[in-house]
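Asks: coords please:
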Amino acid sequence: MKSLVRVLTKTGLFICFISFNSLFAAEHAKGMAEMDAVSGGDSCIKCHKGIESIRDEKSDMMQQIVAMGQSLGDSAGCVVCHGGNPENGTVKGAHSGAPKAHAGGLAEFVRDPGSIWIADRTCGVCHADTVANTKKALMATEAGKIQGNLHSWGTEPTKKVQFANYDVKDEDGKEPVWGTKVYKDYMVKMIDKYPDQFPTELKQLPLPASGPEDFAGKSEDEIAYMASITYQRADCQRCHIGVRGRKGRGDWRGMGCSACHIPYANEGIYEGNDPTINKKENGHLLVHMIQGTREAKVKTPSGAEFSGIHPETCNSCHNRGKRIGVSYVGLMEQPYGSPLTEGGKSQSKTHGKRYKHIKEDLHFEAGMTCQDCHTSVDMHVDGTLFGTTLGQVEIECSDCHGTNDKYPWELEIGYGEKFDIATPEGNRGLSNELPFWMTRGTVYDKEGGYLLSTRGNPLGNVVKKEGENKVIAHLASGKDLEVPLLKYKAETKTYKSKDAQVAMGDVKAHMENLECYSCHSDWAPQCYGCHVKVDYTPGKSSTDWIASGSTNFLNGETSESVLGTKGKKLFGKPSETRSYLRWEDPILGINGEGLVTPIIPGCQVTYTVIGPDGKTLILNKQARVPDGPNGSMVSGTDMSPVQPHTSGRKARTCESCHSNPKTLGYGIQDGQFMQKQDKDLYMDLQDLRTKEIVPKSKTVQMEGIPGMNYDWSQVVTRDGKQLQTVGTHWPASRPLDQDQRERMEKTGLCMGCHQNMSNKQIWDKLNTDKKLNVTEHINKMHEIANKAAKATK
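Replies: Numbers count the residues shown, from 1 in each chain. Next up, the predicted model:
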């Protein structure tokens, strides 16, 4: 077996071919024995005795690392990733007190080789295309988040994606670097159709106000623009992989590749055997091991073992915005400290929040990590510069589950996405091989063939059983699951309820016009009203996460990445509060694909700005954006299309959509609440005849929000007036259309029969001499429908 290995040298990179035979196996064993002996020598293990091997010693990856290290004079291979000079490991620096092993030698010593700022010289030595692609991924650029937030503030009124955490260009053309021919053809057509969502170049988000002098002579719109940038840089950008992010419980992680591929527990306590790492200090990796595939086992000295990237790693970032990470594991934030802990204390904060348990996603209950659904393209991207997650994510539910009428391999390319893109005719079929970039991790036997994503790439961990209509999903955690196939259930009549057959088989419009998770999302976090204050009074400052990441050094560190550092400071301090929280009965709208989907508060921004002199410059303002029908102006408060990641086996009831005004967009209880939010409200003694406040000395209890004479949960009025924006990225996203709402709504349907209860001539003929339960009601309606049909013959 021959492997292409790039090795770091003092002068850069060279490429060598290494044949892994018994010679290298013997050299590896000898090297490990030398490490155990710790009798001096050339290895970093002289100081770091007991540290965990980054991968299993028998793995191909570790053998390559050790062989490369030996060629560089380091029997343990540490310098391959970390650089430095192990020969001087016992000599202290004359001035700094740091070991000279960490100061020069083969390369600059790097604490975190995964840092995106140096990854082309570390991880990228062997994974060059992955690193190059990841620099264009949303987890690095955060272009979609920036565009969406600025749009909600009204400071960028269009849906064109323009800004990122740093300047970046897509210089290799529209055709993706990764992907099958079918996939590449699909993506090129998509890019051509939506140029605003697939930028060719992004500029770093501009700097906001740098001091009080920047406010002189500024208009209210100009002040709002500065405030929106301050808010974005200080509160929203701490999750990009160019920084380590906020340092606190649940937020500990590495940078770049290490943000996902190095395990950090929520407490940030090191539990390995390296004697140089403080085991009581927060902010360290769990153990010195890589996590990623089924084969890459993470083992702790206590005997615990797991594989794959646990969702809790993803949650170090995915706990804000749409909150899909914490929702997936069944949690939703709350303002309360209950239930209390020992001593009557409030529950501990994670990600800076307290939580309540709602219900786990069924995939998480089954043992699935995020990576079991999301592909390498979803995560590292395909080489394209993406502007939104909807553009970047290639998978659909039907890719694995199919439909009532078709198995996954019988579906056409593009099924599940309504982008109106020309695709090859016929069934998508199966793949018998994987592209090279998909062979870098665990490779599973194809059996009857690999299933394909809707855009045409193989799903390397999902296979059809040979000669059977069965699908197996191989999970990174080590489990193998048989995937429920809808067509098999329909053919064998093994649905657990009649509802499923009716909803997915008989009502064809559901499968044609709805995302599966419109019905199968058990709940969704709904944080109504995002009240943002940006305070520029003297002494108010915050961390600038973009500037902090941009201030990076040869060793991959940034101005905030080392424990104890706080990064670059920003003039002004944002803070947030909200109006209320809900989780039940998500509202429905239309997403960028043109399909019905849950929508939740994305960033319902109502902003207040305090100037350097302490005066209120802007109070409780909402932006107006041209997102209504025909470009009409609506509030910039965003109700965002979302895949909540809260799937359940039992779908939401028919009534929760068809008899629920909130679901249709009319607001909780048909929008009858909170209709005076646009007025200043007082709580005091009144003349109840006129409602005038009696005392002359009085204080406004609730300041009015101009134009907000409706509930936060109301998106549209019954006569079709759109109140809030729905989605900030794609032209097709919007509330349910008027005709959809009218066709869907069945509120008050009971009156069709029960208005006749007092009419004995009608009611007695229905033979309802008893009170009917739910099942009996359904059967009676079925009986009446059949009788009516026969009577019309």
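Asks: Now Val625: closest residue in space, sequence neighbours ignored.
Replies: Distances taken as C-beta to C-beta, 6 or more residues apart in numbering put Gly636 closest to Val625, at 4.5 Å, once the chain neighbours are dropped. (Each C-beta comes from the backbone N, C-alpha and C, glycine too.)
Asks: sec struct for that neighbour, please.
Replies: Under DSSP: H, G, I helix; E, B strand; the rest coil, Gly636 falls in the strand class.
Asks: now the helices for the stretch 401-550 of the chain?
Replies: Counting by DSSP state H, counting those that start in this stretch, the stretch 401-550 of the chain has helices at residues 486-492, 498-501, 508-513, 516-520, 545-550.
Asks: Run through the stretch 1-150 of the chain and note the low-pLDDT ranges.
Replies: 1-42, 88-101, 103-107 (pLDDT under 70).
Asks: Show me the helices in it, by range?
Replies: Remark: helices assigned in the stretch 1-150 of the chain by DSSP H, counting those that start in this stretch are 22-37, 60-71, 78-82, 128-134, 138-141, 143-153.
Asks: can you check the stretch 651-793 of the chain too?
Replies: Counting by DSSP H, counting those that start in this stretch, the helices of the stretch 651-793 of the chain are 654-658, 661-664, 738-744, 751-754, 760-763, 774-791.
Asks: could those go into TSV alongside distance to Tyr231?
Replies: Below are the helices of the stretch 651-793 of the chain laid out as TSV (distance: least, C-beta to C-beta, whole Å):
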stretch	distance to Tyr231
helix 654-658	35
helix 661-664	29
helix 738-744	34
helix 751-754	49
helix 760-763	62
helix 774-791	49
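Asks: which one of these is the most hemmed in?
Replies: Across these, averaging neighbours per residue (mean count of other C-beta atoms under 10 Å) puts helix 661-664 on top, at a mean of 22.
Asks: tell me what that helix is packed against?
Replies: Packing partners of helix 661-664 (3 or more C-beta pairs under 8 Å, 6 or more residues apart in numbering; DSSP states H and E): strand 587-590, helix 654-658.
Asks: averaging pLDDT over each of the ones you listed, which comes out lowest?
Replies: Within the helices and strands packed on helix 661-664, confidence is poorest for helix 654-658, with a mean of 93 (mean pLDDT).
Asks: what comes into contact with that one?
Replies: Residues outside helix 654-658 that contact it (C-beta atoms under 8 Å, 6 or more residues apart in numbering) are Asp499, Ala503, Cys519, Asp585, Leu588, Thr663, Leu664, Met744, Glu745, Lys746, Thr747, Leu749.
Asks: Put the buried members of those into a PyMOL selection.
Replies: Per 16 or more other C-beta atoms under 10 Å, the buried members of those correspond to this PyMOL selection:
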select buried, resi 503+519+585+588+663+664+744+745
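Asks: Turn the contacts of helix 654-658 into a markdown table, including distance to Gln724.
Replies: Shown next, in a markdown table, are the contacts of helix 654-658 (distance: C-beta to C-beta, whole Å):
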| residue | distance to Gln724 |
| --- | --- |
| Asp499 | 32 |
| Ala503 | 29 |
| Cys519 | 23 |
| Asp585 | 18 |
| Leu588 | 14 |
| Thr663 | 16 |
| Leu664 | 14 |
| Met744 | 19 |
| Glu745 | 20 |
| Lys746 | 25 |
| Thr747 | 22 |
| Leu749 | 28 |
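Asks: got the contact list for the residue nearest to Val625?
Replies: His151, Ser152, Trp153, Gly154, Val605, Gln622, Ala623, Arg624, Val625, Asp627, Thr725.
Asks: cool, His318 as well?
Replies: Neighbouring residues of His318 by C-beta under 8 Å, 6+ apart: Ile324, Gly325, Val326.
Asks: which non-adjacent residue is nearest the first one?
Replies: Nearest non-adjacent residue to Ile324, counting by C-beta to C-beta, 6+ apart: His645, 4.3 Å away.
Asks: Quick one: residues contacting that neighbour.
Replies: When the contact criterion is C-beta under 8 Å, 6+ apart, the partners of His645 are Ile324, Gly325, Ser327, Tyr328, Asp361.
Asks: Show me which pair in those residues is furthest apart.
Replies: Using C-beta to C-beta, the contacts of His645 reach their maximum pairwise distance at Gly325 and Asp361, which is 10.5 Å.
Asks: so what's the backbone phi/psi at the closest residue to Gln677 other than its chain neighbours?
Replies: Ranked by C-beta to C-beta, 6+ apart and with sequence neighbours excluded, the top spatial neighbour of Gln677 is Met708, at 4.2 Å. Main-chain torsions, Met708, degrees, to the nearest 10: phi -100, psi 70.
Asks: these two touch, right, Met708 and Lys679?
Replies: No: with contact defined as C-beta atoms under 8 Å, Met708 does not reach Lys679; the gap is 9.4 Å.
Asks: out of those two, which sits in the more crowded spot?
Replies: Per other C-beta atoms under 10 Å, whichever of Met708 and Lys679 has more neighbours is Met708, with 22 against 15.
Asks: can you list the helices of the stretch 1-150 of the chain in TSV and add mean neighbour count and distance to Gly720?
Replies: Formatted as TSV, these follow (neighbours: other C-beta atoms under 10 Å; distance: least, C-beta to C-beta, whole Å):
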stretch	mean neighbour count	distance to Gly720
helix 22-37	14	71
helix 60-71	20	59
helix 78-82	24	60
helix 128-134	19	44
helix 138-141	23	34
helix 143-153	25	23
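Asks: Thank you kindly, that will do.
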